[in-house]
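[1] Got a predicted model here, sequence first, then my questions.
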Amino acid sequence: MADTITVNGTAHPVPEDPRVSLLDFLRHHIGLTGTKKGCDHGQCGACTVIVNGIRINSCLTLAAMHDGDSVTTIEGIGTPDDPSALQRAFLEHDGFQCGYCTPGQICSATAMLEELAADWPSDASESLEGRIAISGEEIRERMSGNLCRCGAYANIVAAIEEVAAGGRS
Amino acid sequence: MTVHFKQDEPDNSNRLDRMKQGVLGKPLPRIEGLAKVTGTAPYAAEYPIENCTEGVLVTATITRGEVTSIDHESVLTMPGVIAVVDNEKLCTRAAQGTANEAPMQGPKQVCYWGQPIALVVAETFEQARDAAKHLKVDYREEEGAPIDPGAVEPEEQEDETVHQGDLAHAMADAAHSVDVTYTTRGHASAAMEPHAAIAQWDGDKLTVYAALQMLNYNITELADALDMEEENIRLISRFVGGGFGSKLGISEEVVAAALAAKQIGRPVRVVQSRQQVFQTVMRRSETTQRLRLAADENGKLTGFGHEALVSNLPGEDFAEPVLQSSHFLYDGENRELMLKVARIHRMTAGSVRAPGEAVGMPALEGAMDVLAEKAGLDPVELRLRNIPEKDPEEDLPFSSHKLAECLKQGAEAFGWDKGPRKPRQRREGEWWIGTGMASAARVHNIAEAKARVTLKADGTALVETDMTDIGTGTYTILAQIVGEMLGLDPERVLVELGDTRHPRGPGSGGSWGAASIGSAVYVACKAIREELAAKTGTSEEELELREGEAGTGEALTDLLEGEDLAREGHYEPGDIEDDYTASGFGAFFAEVRVNHYTGETRVDRMLGAFGFGRVLNAKTARSQCIGGITWSIGVALTEALEFDPRDGHLVNCDLAEYHVPVHRDVPDLEVVLVEERDGAASPIQAKGIGELGMCGGAAAIANAIYNACGARIYDYPMTPDRVLEAMPE
Ligand code: FES
Ligand code: FES
């Protein structure tokens, strides 16, 4: 059987050219342009997708390395008819301006909330052990790989905090 | 039908406040927001074009000289490679904002390291990128190109020069005086969407999907570059992933894609790499600024001096307008202002968000803090004492002036302590804590604009213009203006932007977009209201429209009788531009922490209070402000372009080495919108807000650093090494 990558539930053949990054595979080969390219060097987070439950920079990995993997992109997180809670919160809090970093922010935050729920510590955590208290500082630290040149950070954090609070209550 | 309105007089009628829908100014979420948060909004590189090929730019590895040969054969045998384009029409620089003509062309002549010289086209991106790396190029290098702005004799920008009274005398006589020199480093726009274009020909007709801010100018620039008629070109920029000046003019990939698509007879997409965007588009010039402030014993300015040195390539008209707001912000009858530009061979200098004030204000407001300390005055009070009655250089009134209100309301909301200020009063562990403030000012710009509004027979409305929304909120505010004027829920207003087939707007830049295009839409709506008023037998002034109904009870759909009603609004600023000095004003307040041992600065709290005319949407306006404040943090602490002293090339040309603020650098930000109506700014009484939020904010942080730890620093950004060096024992 040919090697495949499953994206938002649909299997696609792995591209022949081994140089194709996972990001370019998504954008050029299967037409999912919701995932953005901001730097192609793992420096901006615009290309963040969720692979087997973990957020990664899709520009920093080759498509050929993802045979059998399951990838969730922004298109798989929610749609205009059925947006996710985070997508709605971004809209409400104006957690974006130009919108270019936004899919990456939302994919990143979606997986980040899982990391928080699983009590993975960060530089902002009081302790490496035990429950992690959700705070603005925790969110900022964990989202610092997602640049927003429009400077929507304060609103992005507000949007994530709202969803994070909802999730724990 | 076009309705033309040239504004010679202020409009203080407050018409928009008397409309009945009640949606203008409301904090509505963006109407295009759902498309953005779900990844369905298409940016330039994302249009699915059949049979599209990929182009990658090749850039020069010398500073100045000539390309003597490009060996096409060196790559044409590589897999998938289709062509090498080194046409004489290729652009080697990006066009400056509102240039309205082709930027520098002719790739054989090299003027800076990193200049585009060719394009390689292949079937796939990977093939093109590989081939571009292998393209064999020979050069004849001209040694000795100047690259240090301090090492050449600069040219004076004479229209900026002011000699008024006798500043030297005022300085000598002053009770308190300051004579300091600040430096700022170069900045990059670093919009998150890299510059991209897809070009497609149909016979002699060209369509380009591009990442551009000002289509009305860009189409002329492209037509000029390609020697074509504008009517054969269509530009589409419906979504733009940030601009900040970098997409004001066409840049190299637009022309390259068009030429390549013509050459190979297939569509071509060219996306600049992040490194190329840094090196080929625009830098904000570094600056050296001398500030001289003379004050009497009450802290009233008697003399004001601001001289600046900036740089650019030979042949560029743009010189970072550092003194822009210094001309009118403060009193001082003895004045010396001068701007000089050094011609050097670093990449092109041009507009980066808030050209001028972004670096001029941090220097001026730092110097004001020094003066406040010398005069023993609260820095807020010093500024309040020096707000001029009228423009201190030209005999002009201000269109409106909210600096005092912003200072007072900002201080109040921040909890500013008016007591005597001394550095090093508060320490928590390793951290010194302090506060600082600064004024904000950014000149108001406005431009001619056209937009078509159609009230549809079904009671919805359509707005069409080539105006762009680069994250600024244009889509939403136009729907709100139409909603307010025609009595419609903004959800019933469809806004189509970013297509040169529509009436021409001013484009997004210089914070002029909202006021200009909003006024064109206002003019169109007013004309539609006149028609509707005639149908209901009332006057336009008296016509009340709300939720699709006239005040008299008729539904809009009945009044329209199955016909669409369309008007093109054409707004033109007339004498109002010359009769007033117009500016947005504001005040910044910051609290910072400075680490005693590492010199690291963290911004704990920051507030901006801004007066910029009518607020069209409180949510998107606030977002513009927090965006600007976020940039202020970058200017104050981290952002600096580094150039190789040997060949002038930009070294830190990516987002790992050029440090824009990230999430953890930015605290909760507070914004106070100081509402006002400025009838001399535009008929909708609005000014711009895209840039004001970063015009001076860096000084609030710098002044807070001093207040926290006693390190008075005259060089931005205030990186830990500089803080440590200036920190008293
Ligand atoms: S595009 Fe992948 S991190 Fe920037
Ligand atoms: S919204 Fe423009 S970069 Fe984040």
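    Okay, I see it. Ligands and ions are numbered 1, 2, ... in the order given.
[2] so the closest residue to chain A within the stretch 401-550 of chain B is in which element?
    With CB to the nearest CB as the measure, residue B:471 is the residue of the stretch 401-550 of chain B nearest to chain A, at 3.1 Å. C-beta here means a position set from N, CA and C on the backbone, and glycine is covered the same way. In this assignment (DSSP states H and E), residue B:471 forms part of neither any helix nor any strand.
[3] can you pull the contacts of the closest residue to residue B:90 other than its chain neighbours?
    Distances taken as CB to CB, 6 or more residues apart in numbering or on different chains put residue B:107 closest to residue B:90, at 4.5 Å, once the chain neighbours are dropped. By CB atoms under 8 Å, 6 or more residues apart in numbering or on different chains, the contact list for residue B:107 reads B:67, B:86-88, B:90, B:92, B:115-118.
[4] Now do the SS call for residue B:107.
    Following DSSP: H, G, I helix; E, B strand; the rest coil, we place residue B:107 in the coil state.
[5] gap between it and chain A?
    Distance of residue B:107 to chain A, given as CB to the nearest CB, to the nearest Å: 24 Å.
[6] ditto for residue B:192
    Using CB to the nearest CB, residue B:192 is found at 4 Å from chain A.
[7] measure the nearest residue to that residue once chain neighbours are set aside to residue B:479 for me?
    In space, and not counting its chain neighbours, residue B:192 is closest to residue A:100: 4.2 Å by CB to CB, 6+ apart. Separation of residue A:100 from residue B:479 (CB to CB, to the nearest Å) stands at 22 Å.
[8] More neighbours: these two, which one.
    More neighbours surround residue A:100 than the other of residue A:100 and residue B:479, with 30 against 27 (other CB atoms under 10 Å in any protein chain shown).
[9] if we can go back for a sec, state the distance from the residue nearest to residue B:192 to residue B:358.
    21 Å.
[10] Do a quick rundown of the helices in the stretch 151-300 of chain B.
    Ranges of helices within the stretch 151-300 of chain B are B:167-173, B:215-226, B:252-264, B:274-280, based on DSSP state H, counting those that start in this stretch.
[11] Neighbouring strands - and their directions - for the helix or strand hosting residue B:6?
    Following DSSP H and E, one finds residue B:6 within strand B:2-7. Applying DSSP bridges to the sheet, strand B:2-7 is found paired with strand B:565-573 (parallel).
[12] Please put the alpha-carbon coordinates of the helix or strand just after the partner strand into CSV.
    The helix or strand immediately downstream of strand B:565-573 is helix B:576-579, counting by DSSP H and E. Extracted C-alpha coordinates of helix B:576-579, given in CSV (Å, rounded to 0.1, in the frame of the first residue of the first chain):
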residue,chain,number,x,y,z
ILE,B,576,-9.2,71.7,4.8
GLU,B,577,-5.8,70.2,4.0
ASP,B,578,-4.1,73.6,3.9
ASP,B,579,-6.1,75.5,6.4
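[13] hmm, back to that, if any of the contacts of residue B:107 are buried, put those into a PyMOL selection.
    This is the PyMOL syntax for the buried subset of those, where burial follows 16 or more other CB atoms under 10 Å in any protein chain shown:
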select buried, chain B and resi 67+86+87+90+92+115+116+117+118
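[14] Which residue comes closest to the residue nearest the centre of chain A once chain neighbours are left out?
    For chain A, the residue nearest the mean C-alpha position is residue A:107 (2.3 Å; CA atoms, centre = their mean). With sequence-adjacent residues excluded and distances taken as CB to CB, 6+ apart, residue A:107 is closest to residue A:48, at 4.5 Å.
[15] Report the contact partners of residue A:161.
    Residue A:161 makes contacts with A:134, A:136, A:139, as judged by CB under 8 Å, 6+ apart.
[16] lowest confidence element among the helices and strands of chain A?
    In chain A, the helix or strand scored least confidently by mean pLDDT, DSSP states H and E is helix A:153-168, which has a mean of 91.
[17] No further queries at this time; thank you.
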